[in-house]
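Student: Okay, here's the prediction I keep looking at, along with the sequence it came from:
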Amino acid sequence: MESILIVESSYMMRLFLVNYLSKNFDVTAVETPAEAIEALQKKWKPNAVISNFHSAKSPERKGFLEMVNTSNELNIPAVLLTEEDKSDQRIDALKLGAKDTLSKPFNPVELQLRVMSAMGISQRNMIKRVA
């Protein structure tokens, strides 16, 4: 089963994401980029990362995203959740190396499909897992 690392500062959003995505994935959720880096340094490599964007410009979050996206050992696709439907946030997220972005509030089915696409799971498998 594919695994997902969620990095989300909001407890309620973390809980929602874990409950929804754990039907199809092995999900680990943390509150901060520091906790995510600690998990990744234990030689665990998730198939994808979902992270909130609102503090993506902070040095800690930027360092985490650079580690996830540019490390030769990791290179994990990241889907960033933006706080608002603003083009500049989506552009900044993509510049930081995000594979995809999605604005809050979002449809959880769309999030799951975007994450599966970022992981390279085929369309045929997507239909079976989301339906």
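Tutor: That came through, no problem.
Student: Could you list the paired strands of the helix or strand residue 4 falls within along with their orientation?
Tutor: In the assignment (DSSP states H and E), residue 4 maps to strand 3-7. Neighbouring strands of strand 3-7 in its sheet, by DSSP bridges, are strand 26-30 (parallel), strand 48-52 (parallel).
Student: Mind putting the ones you listed into TSV with mean pLDDT?
Tutor: Shown next, in TSV, are the strands paired with strand 3-7 (pLDDT from 0 to 100):
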stretch	mean pLDDT
strand 26-30	95
strand 48-52	90
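Student: still on that earlier bit, what mean pLDDT does the strand holding residue 4 get?
Tutor: Mean pLDDT, strand 3-7: 94.
Student: Off-centre distance for that strand?
Tutor: From the chain centre to the centre of strand 3-7 is a distance of 6 Å (C-alpha atoms, centre = their mean, to the nearest Å).
Student: Show me what counts as buried in it.
Tutor: Residues of strand 3-7 classed as buried by neighbour count (16 or more other C-beta atoms under 10 Å): 4-7. For every residue, glycine as well, the C-beta is placed using N, CA and C.
Student: how about the residue at minimal distance from the centre of the chain, what does it touch?
Tutor: By C-alpha atoms, centre = their mean, the chain has its centre lying nearest to residue 50, at 1.1 Å. With C-beta atoms under 8 Å, 6 or more residues apart in numbering as the criterion, the residues that contact residue 50 are 4-8, 17, 21, 78-81, 111, 115.
Student: switch to 6 Å and redo it
Tutor: By C-beta atoms under 6 Å, 6 or more residues apart in numbering, the residues touching residue 50 are 6, 79.
Student: For it, give the beta-bridge partners.
Tutor: When bridges are called by DSSP bridges, residue 50 pairs up with residue 6, residue 79.
Student: going forward, begin numbering at 45 instead of 1
Tutor: Yes, from this point I'll number from 45; that puts the last item at residue 94.
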